Structures are given as structure tokens and as C-alpha cells.
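> Structure of the sequence below:
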Amino acid sequence: IGVTGVQTCALPIYLEYDPFGEAAMPWTCDALARPDGRTIHDLVVCTKAYSVRDVLSTWGSSLAADARIYFLQNGIGFETGDLSNGRRVLFVVNGGFTAYRTTSNHVVQSAMKPIWIGDEAGDDAPSDLQGRLDTLRDAGFLVRWTTEIMLRRWEKISINAIVNSQAVLHDCDNGHLLTHPEAVADTRSMCDELGTLFEAMSVELTGDRLLDATTNLLKATSRNVCSTLQDYRHGLARHELDYINGALLEQARKSAIPMPRFEAIYTDVVARSEEHTSE
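Now for the predicted structure:
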């Protein structure tokens with residue numbers, strides 16, 4: 001896993017799986033700030049969408065000609081750079097494998113749902129990738145290849161658009177959005193507007209399906225504080241909603257589909273973030 005902005009380190013992290021109440025398990029993650037001359041055959045890019053270009057500028061020149069690059073970003077429209085010459089671009093969608101941090105090196109996993117991997121062309125899983133997938137499954141990850149990764153991506157960023165923007169507006173954890181009257185109403189409105197958009201795009205995502213998926217995620221992650229809200233609380237000027245809500249609104253404009261409530265919430269979040277950053 002390539003990271004930027006840190007020194008080489010081996011930080012012990014303690015992992016705990018909340019639903020089963022298992023004892024915390026130590027895990028050491030080696031991190032490198034640069035390739036240091038090595039050739040990279042598999043690169044996992046798990047930064048925020050706005051940092052993808054920075055990661056690739058650091059690691060891209062060390063990619064092997066047949067390297068695989070796994071993008072875990074929430075959102076669309078981030079810059080992937082020039083990854084030609086036989087390199088394989090794969091997208092990874094976290095369907096609900098979630099966690100929250102209690103201290104600097106203690107992580108509590110709060111939900112475990114399938115992690116989807118696929119390519120934009122909708123191809124079947126390449127035979128030479130099976131070993132990687134089997135390794136992840138043996139480690140306990142619910143990894144599944146899908147020929148419909150774009151459908152999974154649209155669903156994922158829709159849920160993020162609904163949850164993350166409202167978490168900032170109400171300054172609350174995920175569970176609070178299930179009981180706050182305004183949030184409940186806005187969740188319904190945003191799902192309906194997104195359903196209309198996807199119908200125009202010929203994407204099989206209805207408002208009811210999005211509402212069910214969003215509600216299930218909020219229940220599973222009720223104690224989580226989403227990353228966008230954490231960025232907001234830390235006064236960070238950059239946030240990923242440009243690649244989530246902003247990207248969905250761009251699709252709506254292209255399809256001439258009005259999404260008044262969805263757009264109003266996004267506009268409010270942007271205004272609050274700018275005001276909060278300038279304080």
C-alpha cells in the first residue's frame with residue numbers, strides 16, 4: 001500500500017470487531033513514503049479522491065508495465081493520470097466494511113459486508129487475479145468480483161452523498177440521522193431525486209433501493225463519525241464531497257434532471273465548510 005506524507009514506519013495497530021465483542025488483536029502495518037527504487041506490481045490507492053493525483057505522481061513512475069492499480073476512492077471524476085501500457089485499473093467498492101478509531105492506534109470494526117472489485121469494462125475476473133482474491137478471502141475479507149462495478153460505485157457514492165453531507169449539517173454521528181426528523185425527511189427526498197437521475201441514466205438504482213441501502217448502513221454504523229465530518233471538525237478546506245455530491249450534480253445537469261433538495265444540501269455544506277475553515 002503506497003502512502004504519501006509519512007516516513008517509513010511499522011506502527012502497531014490494535015483491531016477489535018465490535019459486533020462479536022472479540023478481544024483486540026495487534027496488527028503491524030509497514031508504510032513507505034516513496035518506492036525507493038522498487039518496482040510496484042500491485043498498488044492500492046486508498047486516499048481521499050482529491051489526493052489520487054498526488055499518490056500517482058509519487059508512485060506512478062515505479063509501476064510495472066503490467067501493474068494493477070486498485071482505486072478505493074468514494075466518488076468519481078478524480079484524476080488517474082496516464083496508466084496506459086497494459087496496466088490494469090480496478091475499482092474497489094466497500095459495501096459496508098466499516099470501522100471507527102477510538103485512540104491513535106486502536107480501531108473498532110463495526111460492520112462487515114462484501115467488498116466488490118471489478119473493472120469499468122465489466123469483464124470477468126482475470127485468472128491471474130484469483131490468487132490475490134483467495135488470499136483476501138482467507139484473511140476474512142468478503143471480497144467478490146463483479147461485472148457491475150459501475151452500478152456498485154453509483155450506489156456507494158449515492159449513500160455517501162446522503163450520509164456525509166447530512167452528518168456535516170447536523171454535526172452528528174451516523175445513528176443520529178435515523179432519528180432526526182429533518183434528516184429522515186431529507187434522506188427520503190435525496191433518494192427520490194437520485195432515483196429519478198439514475199432512471200434517466202439507465203442505471204438500475206431506484207429511490208427505494210437507495211433508501212433501504214442507506215438505512216441499513218446507518219444502522220450498521222450508528223456509532224461512526226463519517227470522514228467528511230471529521231475533516232470538517234478539523235477545519236480542513238478540502239473535502240471529498242466535490243467528487244461525490246458535486247459529481248452527482250454534474251450528472252444531473254448533463255441529464256437535465258432537477259435535484260433541488262440534493263443541491264440545496266450540498267450548497268449548504270460547502271458554505272458551512274468555507275465559513276468554518278476561515279474561522
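> going forward, measure contacts and count neighbours with C-alpha atoms only.
Fine.
> Which helix runs longest in the protein?
In the chain, taking DSSP state H as the definition, the longest helix is helix 149-170.
> That one - what's its average pLDDT?
What helix 149-170 shows for mean pLDDT is 95.
> Show me which positions of that helix end up buried.
149-150, 152-169 (16 or more other CA atoms under 10 Å).
> ok, which stretches of the stretch 1-150 of the chain are strands?
Assigned by DSSP state E, counting those that start in this stretch, the stretch 1-150 of the chain shows strands spanning 9-17, 25-31, 40-45, 63-71, 88-94, 98-103, 106-111, 115-118, 143-145.
> Can you tell me which of the ones you listed is nearest to residue 198?
strand 88-94 (18.4 Å; CA to CA).
> roughly how far is that closest one from the heart of the chain?
11 Å (CA atoms, centre = their mean, to the nearest Å).
> Now tell me what touches that strand from outside.
With contacts defined as CA atoms under 8 Å, 6 or more residues apart in numbering, strand 88-94 is touched by 66-74, 83, 113-120, 149, 152-153, 156.
> Go ahead and build a ChimeraX selection from the buried members of these.
Filtering the contacts of strand 88-94 down to the buried ones (16+ other CA under 10 Å) takes a single ChimeraX command:
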select :67,68,69,70,71,72,73,74,83,115,116,117,118,119,149,152,153,156
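> low-confidence ranges in the stretch 1-150 of the chain?
Along the stretch 1-150 of the chain, the parts satisfying pLDDT under 70 run over 1-24, 27-31, 84-85, 96-97, 100, 104, 110-111.
> go again using 80 as the cut-off
1-34, 36, 79-86, 95-113, 139-141 (pLDDT under 80).
> Residue 39 against residue 63, yeah?
Yes - using CA atoms under 8 Å, residue 39 is in contact with residue 63, at 5.9 Å.
> Looking at those two, which is more packed in?
Neighbours per residue (other CA atoms under 10 Å) separate residue 39 from residue 63, with residue 63 holding more: 20 against 14.
> Not counting sequence-adjacent ones, nearest residue to that one?
residue 40 (4.7 Å; CA to CA, 6 or more residues apart in numbering).
> tally of neighbours for the one you found?
Neighbours of residue 40 using other CA under 10 Å come to 20.
> Repeat that for the one 10 residues further on.
Look at residue 50: counted by other CA under 10 Å, it has 19 neighbours.
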